[in-house]
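Novice: Quick one: sequence plus predicted model below, questions after.
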Amino acid sequence: MADAASVSPAVVPREARWGKLASMGPTYGALIALILLVVINAVFTSNFATASNLWNVLLQVSTVLIVAVGMTLVIATGGVDLSVGSSMAIAGAAASVLLDRGIGAAIAAGLAAVLVVGMINGALVAYVRVQPIVVTLATLIAGRGLAQVISRDGQLVTIDHAGFQAIGRGMLGPVPVPVIIAVFVVAAAAFILRETPFGRYVLAAGGNPAAARLAGVPVGRTIVTVYAASAMLAGLAGLIVAARLGASDAAKIGLNVELDAIAAVVVGGTALSGGRATILGTVVGALIMQVIATSFNMLLVPYAWSLALKAAIIVIAVYLQRPKRV
Amino acid sequence: MTAAATTEPLLRMEGIVKRFAGATALAGVDLTLQRGEVHALVGENGAGKSTLVKIMTGAYHRDGGRMWLEGREVDFDTPADASDAGVTAVHQEIHLIGYRTVAENIFLGREPRRWGLIDWGRMNADAATVLQGLGVDVDPRATVASLNTARRQMVAIARGVSLGAKVLVLDEPTSSLAEREVAVLYALIRRLQSQGTAIVYISHRFDELYAVCNRVTILRDGKLVATHALADLERLDLVCLMLGKARDELRLGTTGFGGHATPGAVTVGEPLLRAEGLRRNPKLQDVGFVVRKGEILGVAGLLGSGRTETARAIFGATPADSGTIEYGGKKFAPRGPDDGIAAGIGFLSEDRKAEGILPELSIRENLTLAALPMLTKFGIVSRAKQTEMVERFMRRMGIKATSADQKIRELSGGNQQKVLLARWLCMEPKLLILDEPTRGIDIGAKAEIQALVNELAAAGLGVIMVSSELEELVEGSTRVIVLRDGHKVTELSRDQISQQAIIRAMAEGSAMDDDAQGAAPAVAGAS
């Protein structure tokens, strides 16, 4: 055994290639599911395969997708961020009340406010070692209250600033601005996860924090950064929603978005146990959920039934991800 | 045992075949177990030991071959089937529920009931009876989490026994036990043996095999090499059978150090690190030593002696409360691993799984985890540089894998350890701290790692090697310090190092007399 040199890669090219496909696992399965859904709808759902409807699907999915990208990073560290919906509301509220000071100040204030929320989440998880689900449940509750305080005790604050509204309603040619923002966010996150030390530190902190620490990985800082990023992305999504509505509704914006985001991440193939992540999988996961919602809506199927199918898809996705047994 | 051998075997496996996705893991292996025998199952990683055991205990399905228990042909679908029939495994990672009591764990899934409710009184009494029958002194009402590893293992064995186990598989039972605990385990094994239980004993430690086992079955590459009585099989011959090598290739000894440090042949350089009065309650009380460039400083001691704490304090993984460290001529007070790394120190943890590998990531990412800052330009990791580094070290360390992108969890323990060692070597460290560098890995990889450490020291690296394997310390170290209860009790220079001297130092003091006796017979076979 000692004299056997390392196995030459040339011996096993076929298996290696298969291994690569197989290792894409749930993402690969999710991609096939998405393609099937689109094809079936294109054939059977009238008006589904039209340019305007496809842009509509992308527009609808953009905010959830932006939140889900941040969620992917958090889940990759073995955590979860339930507070994203409240962060959306906080950012929307802060921006709307400050719009009279200028659009730049409004956006900056919205994002700064949620940055604080994210840092608190991260610090409590990383340094106080409270469980992520507990920490972010607390900020989910407190954040919703804070958003209502900011927006003058929960009133609907209307936004009639055309420049700000463009964030949610604007178009670049046929492409809605939120879609452009979402594509940029996805590309940046995928790049960071793949190409930077930080991306590897995220996976290391999730895969084995003790080993990561001994290898010099700044585990605490990585976790704080991840929660901060998740809150900022949620804040960005909150600004988009407020701009599209033309109003900040602190009680409603982002309600239950954490569940849609987690569903997208899970369906896309990121393991809830941490240590693995796929941004592109999350894109596919979010699109699957959106295509189901849109097509059921177009087919006039009751909303309750679309929820049932969504639930089934989540369960199937998790089933496919289960640890393999020999 | 000779009396039992004449009767019908308790368990017989014949021509067992198992394939995984085209690869043959077992190619027609036979195994017979007699009543009351302790049967060693040995082989390098990949030999098929655990596959065979998993088939025996119902965790895997065989693709070929037959199996008889007490003369009746059997076919287990699940581990529960097997343990119902009397074949039970006690695994390396013990499967117990920490927050529940000993009694609950022993009777988990078959709690005695009355009126449909759990009969706590009877359960605790029954558990006490089982434990007493095994000579184990554990309170059935204690939670498992409150027990030390050895006791937990006893509880796991008690569970197997109370399930009516006729065949008990012990997989690396001593890997996390201190030597005094090993003696207790041996006593338990002998008691089971006298009750007619057959025990399959899997271990990498030869001392143990010779101390407790009657016969040995040797596997290599999924094939049966031989089954032999241990009493008339020389240790060297056993190694040869496992490795499939001729005897004269192994004359130098069982470690890869190959008698590295003949006195005077080693050129030891200037002092690299000097530690004095290291203390961290409760385990580290007063430890001091000097490491020089180009030397391997062995750190010996029983489990709990402070050997791991010493290693971690130097690296900064768990900083000392007090004491001084001088490194490279300057005062050095590491507060975390990053301080150690920045100073050019590498640290290999004793627990590869919990503190070493990132299981879901590739060899590439595992190997370069610490080196990422060096490979980064404008915030982006250079693929080219990373690939070059990974390939260089995979070649140099002889890491066996399909590619650099294979997940590390798919590798054998030996190859994982090589990747972790490479994680530090690629940082070009000045001082390497190795905590049990060869624990739980196959002999081939073990020798390769030992030879590599030897070579690195010869090239000027300072090495601190913590080990519980006396052979490794004796053959590899330039000097050995021996720790006991957090104190350094002695320091042995090259010509003073011997197993006897180390054992004597570890056992020094009245409280340790019993343990010395417990440990001595096992070690006597080593020399």
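Specialist: Noted; the coordinates are in hand. Numbers count the residues shown, from 1 in each chain, chains lettered A, B, ... in the order given.
Novice: Excluding chain neighbours, what is closest to the residue in the stretch 51-200 of chain B that chain A sits nearest to?
Specialist: Here the stretch 51-200 of chain B gets closest to chain A at one residue, B:Tyr60, 6.0 Å apart by C-beta to the nearest C-beta. Where C-beta positions appear, they are placed from N, C-alpha and C, glycine not excepted. Residue nearest to B:Tyr60 in three dimensions, not counting chain neighbours: B:Lys54, with 4.2 Å by C-beta to C-beta, 6 or more residues apart in numbering or on different chains.
Novice: burial count for that neighbour?
Specialist: Under the neighbour criterion other C-beta atoms under 10 Å in any protein chain shown, B:Lys54 is assigned a count of 21.
Novice: Please give the element, helix or strand, for it.
Specialist: Here B:Lys54, judged by DSSP states H and E, is contained in helix B:49-56.
Novice: so what secondary structure elements neighbour that helix?
Specialist: strand B:11-20, strand B:23-33, strand B:38-42, strand B:87-90, strand B:167-171, strand B:198-202 (3 or more C-beta pairs under 8 Å, 6 or more residues apart in numbering or on different chains; DSSP states H and E).
Novice: how far off strand B:198-202 does it point, in degrees?
Specialist: Angle between the axes of helix B:49-56 and strand B:198-202 is 150 degrees (criterion: axes from the mean of the first three to the mean of the last three C-alpha atoms, to 10 degrees).
Novice: Now do helix B:49-56 against strand B:38-42, angle only.
Specialist: Using the same axes, to 10 degrees: helix B:49-56 against strand B:38-42 is 130 degrees.
Novice: what secondary structure does residue 80 sit in?
Specialist: You didn't say which chain, so I picked chain A. coil (DSSP: H, G, I helix; E, B strand; the rest coil).
Novice: Is it possible to get a markdown table of the helices and strands packed on helix B:49-56 that adds mean pLDDT, distance to chain A and mean neighbour count?
Specialist: Listed next are the helices and strands packed on helix B:49-56 as a markdown table, based on pLDDT from 0 to 100; distance: least, C-beta to the nearest C-beta, whole Å; neighbours: other C-beta atoms under 10 Å in any protein chain shown:
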| stretch | mean pLDDT | distance to chain A | mean neighbour count |
| --- | --- | --- | --- |
| strand B:11-20 | 91 | 7 | 18 |
| strand B:23-33 | 89 | 10 | 19 |
| strand B:38-42 | 93 | 14 | 25 |
| strand B:87-90 | 86 | 15 | 26 |
| strand B:167-171 | 90 | 17 | 24 |
| strand B:198-202 | 93 | 18 | 24 |
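Novice: Going along the chain, name the strands of the stretch 351-500 of chain B.
Specialist: For the stretch 351-500 of chain B, strands defined by DSSP state E, counting those that start in this stretch occupy the ranges B:376-377, B:380-381, B:431-435, B:462-466, B:479-484, B:487-492.
Novice: deepest of those strands, which one?
Specialist: Among those, strand B:462-466 has the highest mean neighbour count (mean count of other C-beta atoms under 10 Å in any protein chain shown), at a mean of 27.
Novice: Mind giving me the packing neighbours of that strand?
Specialist: Helices and strands touching strand B:462-466, by 3+ C-beta pairs under 8 Å, 6+ apart, are strand B:284-292, strand B:296-300, helix B:307-315, strand B:431-435, helix B:443-458, helix B:470-476.
Novice: Quick one: closest of these to chain A.
Specialist: Proximity to chain A, assessed across the helices and strands packed on strand B:462-466 by C-beta to the nearest C-beta, is greatest for helix B:443-458 (3.9 Å).
Novice: Any stretches of the stretch 301-450 of chain B with poor pLDDT?
Specialist: B:303-304 (pLDDT under 70).
Novice: ignore the last one, the stretch 151-300 of chain B
Specialist: B:175-176, B:179, B:204, B:245-256, B:258-268.
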